[in-house]
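*Asks:* The following block contains a protein sequence and its predicted model.
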Amino acid sequence: MIPVSLGPLDFSPEPDLHPLYPSSSFISHSLSPDSGLAPSQKSELVSHSLSRACVFGDLSLLQYLLSDHQSQPYVDLSARDEDGLSLISLAILGFGSESERDVEREECVRLLIAQGADAPCADKAGWTALHHAAVLCPPTLVSHLMTHGCSPFAETRRRLTPLDIVTAHTVLPGRDDIALLLEEAMRSQGWMGGRMEEKRRALDEQLKRKGRQKSVRENVSKVLGLQNQWWGSHEEDDGFSSDDSDGEDDQLDDELYTPKLDFTSMLAWSPQELSHIFDAVITTSHTSVRNSQPAITLYLMARFACLTCDQTWLEDLVLGATDAIEEKFFSRSEDITCLVFCLYNATIWLHLMQCDNAINEGCEMLGSFELLEQVINSVFVFIIRYAERRIDQLLDAAILDNSPVASEFESVQFESEWSFLRPFSAKKKSMANTPSHGTPKNSTPSSPPFLPSRPPSPLSLGPAVTPKGLSSLRQTLSRAKAPSTAFNTHSDAPKTTGLRDMTSFLTALHTLLTLSDVNPVLMIQFWSQVMYWTSCEIFNRILTRKKYLCRSKAVQIGMNLVVLEEWIEDMGLPRGIASHFTPVRDLLNWLQCLSSITDFSNLVATIQTMKNINPLQMRRAVRDYKYEVNEGRMTDECIQYLTQLQKDWERHRVKMGVEALRKEMGERERERELEDNLASEAASLNASSETFAAQHSIDNLFDRSHSQSEWEPAKAPQVLGELLDSRHMLPLFLPSDPRVLSATPEKRVVSGYGERAGARTTAHARSTSQVSTLDGGAMKWRCRSRRVRNVDFETLQWVDRFRTKPQVFQMPVHGEEYEETYPSTPLSDDIDDLRINTDVPHTISHGTPLTKRPSARSRGRLSLIGDPVIPISL
């Protein structure tokens with residue numbers, strides 16, 4: 001073993017180059033020539049001492065290091081630590097730890113800047129000294145940094161400016177002055193708002209929008225009595241955003257409407273499972289807003305039946321499903337959510353099958369589309385009846401009995417009233433209306449909400465109405481005027497509530513249909529039918545109740561009618577819907593002017609202007625009219641002329657009745673010939689020409705080059721008697737293009753629901769531009785063909801959720817053989833919809849092809865189980 005020689009060992013201690021609390025005396029001794037330190041060691045000592053002076057805010061030590069002649073050669077003001085922090089940043093990070101040293105620490109920062117330290121330099125995270133100062137330093141130091149090279153636009157690696165860090169979503173506590181200082185400095189350099197500010201604004205708008213949506217849903221649920229489960233637990237946007245683009249799905253390829261002919265776009269099923277599937281998908285399914293899973297499930301099942309099976313499978317599916325849908329809404333006719341849910345899914349199902357070119361021809365041959373249209377019409381009628389029942393409860397209090405300006409009519413006296421009780425009631429009223437000691441005499445109550453500030457002018461009657469003819473009415477109104485008091489306001493409040501309740505119900509129902517994505521043309525025709533019924537009911541109740549047959553009541557009812565007409569405009573509905581009120585308007589105008597007609601020529605001119613009421617209705621209004629005290633009367637000559645018109649009209653009525661009976665018998669005969677001998681094409685063209693104009697007007701609503709104000713509702717048959725037929729149903733038309741069946745209404749018209757309608761100053765306070773936006777342009781709608789085809793994987797579990805265990809069965813095969821081959825159709829990977837990967841053996845089958853012959857099954861809607869379903873007449 002060779003011995004190893006070791007040199008002399010040096011056990012002298014190393015100099016302390018990193019003292020915990022360096023002092024000027026220690027640094028002076030270490031930097032002296034007699035210390036024995038190398039220049040690199042002296043530089044390390046000075047750098048460490050400089051960092052410690054900045055960390056602790058030791059101003060005296062920092063001044064010594066920067067001014068001593070021994071340490072100056074080793075001072076490096078651009079030094080960084082392991083995180084890339086500069087000396088200025090190290091000094092700033094100590095703010096707040098010792099508040100009594102903050103003034104000294106600020107002086108350290110100013111001294112470093114004065115000695116030439118680089119203030120704008122950033123650390124490894126991109127933070128500059130100004131970023132740290134914005135969070136920790138006082139405004140004086142922040143301003144000093146910005147005036148010495150630090151830019152308020154400097155961004156970190158995460159693209160955050162000092163203002164972004166201070167404000168974030170909300171301003172840091174106690175840093176409001178810093179945020180204001182930075183914002184003003186940035187705006188002085190042309191800054192208009194940063195990315196974080198835009199995000200904050202967007203987030204605030206989103207929160208406000210969600211709050212409005214929640215408020216709208218709560219208001220609708222309160223008025224209509226809906227359950228919270230209807231809106232669902234998800235926070236889906238209801239479409240109230242103002243930047244909605246119309247027709248975002250207009251340009252869609254045919255593959256979306258007609259998927260590939262493989263099993264990836266079908267839902268396999270068997271006839272034995274239909275009852276369970278119908279129970280899961282239709283009968284016991286949870287109704288929720290905009291849930292189209294029942295429709296898409298039935299559509300996928302229909303594709304399987306039509307493309308892989310025979311017509312019996314498809315017929316069983318369509319008949320069974322329509323039966324289940326009808327049973328559902330027949331049993332829940334008072335549940336508006338169930339009715340809307342069935343209407344929405346039936347419309348979407350019809351849209352899906354009509355747009356699919358692979359199955360629409362077969363479905364047309366079997367009459368499946370006709371069955372679905374019948375279901376849509378039935379549930380449509382149920383929703384109409386629901387609205388009519390609710391309006392019927394509010395109609396008298398809202399329109400007929402409501403007095404917008406009751407103070408002007410409270411002193412009206414009628415000839416039929418007992419006058420000897422009037423003085424006592426007048427004295428009692430005067431005593432009750434005497435103002436108290438502390439009540440100002442000239443105080444007037446605020447106008448009730450939902451009412452116009454002035455009564456509407458009656459429709460122009462041409463030369464028939466002159467200022468002289470209405471002078472007696474003006475005298476009555478002037479005589480009836482009385483000072484408004486708090487008592488009068490209190491007595492009018494219940495009457496005004498009826499009108500408010502009615503408009504609230506109408507708005508809530510319209511909002512529900514809009515948020516449920518009911519097709520806009522269905523909504524327009526729905527409100528057309530409802531307003532037609534409302535007009536007929538108002539007309540009949542006025543004509544059959546003598547208390548309304550007076551000119552003062554006619555003025556009040558006309559003012560209330562203005563609210564309904566304004567509501568139609570506010571909801572963005574076509575003006576043509578308000579045309580249903582023209583008979584009521586003519587009747588009200590007739591009541592206002594009949595007592596002032598004393599000239600025969602004036603009567604003839606007046607009758608010619610009222611084309612929506614017949615002589616029978618005019619004569620009854622004159623016969624049962626309630627005359628006010630000192631009100632003029634129609635002359636005997638005019639009454640005899642009306643009587644003669646009534647007789648002529650009755651003869652015309654009999655003639656029209658005979659012609660209508662002959663026409664009905666002729667139509668029945670033609671229908672019998674069509675069923676037996678397949679009548680010629682000319683007869684079918686003649687029958688279809690009557691509805692062509694109405695169908696064309698419906699299609700024009702989806703044409704954005706046509707204004708919806710051009711749409712006119714279907715006309716009701718001419719009334720030959722005294723009363724209008726409120727039970728008459730206007731025809732329902734679906735759009736000719738099945739692709740627009742998935743259209744949804746534009747939702748901006750209901751975004752303000754919940755605001756007080758009484759805030760409007762006058763009945764006509766809306767500007768011309770606003771009215772043109774609501775009604776003058778095209779109908780606002782958006783196509784949602786892609787969204788209604790979205791299928792979740794949970795759909796399969798939803799369909800089978802009531803099955804406790806798998807059921808194994810063997811299909812009976814008659815005269816058929818199964819091949820051992822399996823489908824070789826490649827599965828496409830680029831399809832976004834649900835694809836079901838099933839391996840079903842091909843069948844060598846000679847199934848019955850789809851033909852135009854009627855099915856052997858009864859059209860009486862037999863259920864799949866075999867029990868007959870008794871049809872319920874509407």
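*Replies:* Noted; the coordinates are in hand.
*Asks:* Hmm, L77 and V46 touching each other?
*Replies:* No. Under the criterion of CB atoms under 8 Å, V46 is not in contact with L77, lying 11.4 Å apart. Any C-beta I mention is one placed from the backbone N, CA and C, and that applies to glycine too.
*Asks:* Those two: which is more packed in?
*Replies:* V46 (25 against 15; other CB atoms under 10 Å).
*Asks:* That one: what's it in contact with?
*Replies:* Shown in contact with V46 (CB atoms under 8 Å, 6 or more residues apart in numbering): 27, 31, 65, 71, 74-75.
*Asks:* at 10 Å instead, please
*Replies:* The neighbours of V46, taking CB atoms under 10 Å, 6 or more residues apart in numbering as the test, are 17, 22, 27, 30-31, 65, 68, 70-76, 79.
*Asks:* now C342
*Replies:* 282, 287, 294, 325-326, 328-329, 332, 335, 375-376, 378-380, 382-383.
*Asks:* per-residue confidence for it?
*Replies:* C342 is assigned a predicted lDDT (pLDDT) of 95.
*Asks:* Sticking with it, tell me its helix or strand.
*Replies:* Using DSSP states H and E, C342 maps to helix 336-355.
*Asks:* Using PDB, write out every CA atom in that helix.
*Replies:* What follows is helix 336-355, C-alpha atoms only, in PDB (Å, rounded to 0.1, in the frame of the first residue of the first chain):
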ATOM      1  CA  ILE A 336    -100.500  24.400 -19.300                       C
ATOM      2  CA  THR A 337     -97.000  23.000 -19.100                       C
ATOM      3  CA  CYS A 338     -98.200  19.600 -20.200                       C
ATOM      4  CA  LEU A 339    -100.100  21.100 -23.100                       C
ATOM      5  CA  VAL A 340     -97.100  23.200 -24.200                       C
ATOM      6  CA  PHE A 341     -94.800  20.300 -23.900                       C
ATOM      7  CA  CYS A 342     -97.000  18.100 -26.100                       C
ATOM      8  CA  LEU A 343     -97.400  20.800 -28.700                       C
ATOM      9  CA  TYR A 344     -93.700  21.400 -28.900                       C
ATOM     10  CA  ASN A 345     -92.700  17.800 -29.200                       C
ATOM     11  CA  ALA A 346     -95.500  17.000 -31.700                       C
ATOM     12  CA  THR A 347     -94.300  19.900 -33.900                       C
ATOM     13  CA  ILE A 348     -90.600  18.800 -33.600                       C
ATOM     14  CA  TRP A 349     -91.500  15.200 -34.400                       C
ATOM     15  CA  LEU A 350     -93.400  16.300 -37.500                       C
ATOM     16  CA  HIS A 351     -90.500  18.400 -38.500                       C
ATOM     17  CA  LEU A 352     -88.000  15.600 -38.200                       C
ATOM     18  CA  MET A 353     -90.000  13.100 -40.200                       C
ATOM     19  CA  GLN A 354     -91.000  15.500 -42.900                       C
ATOM     20  CA  CYS A 355     -87.500  16.700 -43.500                       C
END
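*Asks:* roughly how far is it from the heart of the chain?
*Replies:* The chain centre lies 18 Å from the centre of helix 336-355; the measure is CA atoms, centre = their mean, to the nearest Å.
*Asks:* Could you pull out the buried residues of the following helix or strand past it?
*Replies:* Next along the chain after helix 336-355, taking DSSP H and E as the criterion, comes helix 360-366. Buried positions in helix 360-366, judged by neighbour count with 16 or more other CB atoms under 10 Å: 360, 362-363, 365-366.
*Asks:* Tell me the one of those nearest L400?
*Replies:* The shortest approach to L400 among these belongs to C363, at 48.7 Å (CB to CB).
*Asks:* Can you tell me the closest non-neighbouring residue to the closest one?
*Replies:* Computed as CB to CB, 6 or more residues apart in numbering, the closest residue to C363 that is not its neighbour in sequence is M353, at 5.4 Å.
*Asks:* contacting residues around the one you found?
*Replies:* Counting by CB under 10 Å, 6+ apart, M353 makes contact with 295, 298-299, 302-303, 306, 318, 359-360, 362-364, 368-369, 372, 738.
*Asks:* Flag whichever of the contacts of C342 scores worst on pLDDT.
*Replies:* When these are sorted by pLDDT, the bottom entry is T287 at 86.
*Asks:* thinking it is in contact with L343, fair?
*Replies:* No. Using CB atoms under 10 Å, T287 is not in contact with L343; the gap is 11.3 Å.
*Asks:* more crowded one of the two?
*Replies:* Taking neighbours as other CB under 10 Å, T287 and L343 compare with L343 leading, 25 against 20.
*Asks:* Distance of the closest residue to the more buried one other than its chain neighbours relative to D636?
*Replies:* In this structure, L343 finds its nearest non-sequential neighbour in V379, 4.7 Å apart by CB to CB, 6+ apart. According to CB to CB, to the nearest Å, V379 stands 55 Å off from D636.
*Asks:* Give me the more crowded residue out of the two.
*Replies:* Ranked by neighbour count (other CB under 10 Å), V379 and D636 place V379 first, with 26 against 8.
*Asks:* Is the more buried one in contact with E326, as I believe?
*Replies:* Yes. At 8.2 Å, V379 counts as touching E326 under the criterion of CB under 10 Å.
*Asks:* helices or strands up against the helix or strand harbouring the residue nearest to L343?
*Replies:* Assigned by DSSP H and E, V379 belongs to helix 368-395. Other helices and strands packing on helix 368-395, by 3 or more CB pairs under 10 Å, 6 or more residues apart in numbering; DSSP states H and E, are helix 195-224, helix 293-308, helix 311-331, helix 336-355, helix 360-366, helix 486-515, helix 520-544.
*Asks:* Pipe those into JSON lines and attach distance to S265 per row.
*Replies:* Below are the helices and strands packed on helix 368-395 laid out as JSON lines (distance: least, CB to CB, whole Å):
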{"stretch": "helix 195-224", "distance to S265": "34"}
{"stretch": "helix 293-308", "distance to S265": "6"}
{"stretch": "helix 311-331", "distance to S265": "16"}
{"stretch": "helix 336-355", "distance to S265": "11"}
{"stretch": "helix 360-366", "distance to S265": "15"}
{"stretch": "helix 486-515", "distance to S265": "30"}
{"stretch": "helix 520-544", "distance to S265": "28"}
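*Asks:* for these, which one sits closest to S697?
*Replies:* Nearest of those (CB to CB): helix 520-544, 9.9 Å.
*Asks:* now the angle from the closest one to helix 336-355?
*Replies:* Here the directions of helix 520-544 and helix 336-355 differ by 130 degrees (axes from the mean of the first three to the mean of the last three CA atoms, to 10 degrees).
*Asks:* Show me what counts as buried in whatever helix or strand comes next after helix 520-544.
*Replies:* Proceeding N to C from helix 520-544, the next assigned helix or strand is helix 551-570, under DSSP H and E. Buried residues in helix 551-570, defined by neighbour count with 16+ other CB under 10 Å: 551-570.
*Asks:* residue ranges of the strands in this protein, please?
*Replies:* Counting by DSSP state E, the chain has strands at residues 744-745, 781-782, 817-818, 843-844.
*Asks:* low-confidence ranges in the stretch 551-700 of the chain?
*Replies:* Along the stretch 551-700 of the chain, segments meeting pLDDT under 70 span 671-690.
*Asks:* Please enumerate the helices of it.
*Replies:* In the stretch 551-700 of the chain, the helices defined using DSSP state H, counting those that start in this stretch lie at 551-570, 582-593, 600-609, 615-623, 636-677, 681-701.
*Asks:* right, and these - which one's nearest Q311?
*Replies:* Counting by CB to CB, Q311 lies closest to helix 636-677 out of the helices of the stretch 551-700 of the chain; the figure is 22.0 Å.
*Asks:* Centre of the chain to the closest one, how far?
*Replies:* The chain centroid and the centroid of helix 636-677 are separated by 46 Å, computed with CA atoms, centre = their mean.
*Asks:* Next, the angle from it to helix 600-609.
*Replies:* Computed by the same axes, to 10 degrees, the angle between helix 636-677 and helix 600-609 is 20 degrees.
*Asks:* Could you check the angle helix 636-677 makes with helix 615-623?
*Replies:* Note on geometry: by the same axes, to 10 degrees, helix 636-677 and helix 615-623 are set 150 degrees apart in direction.
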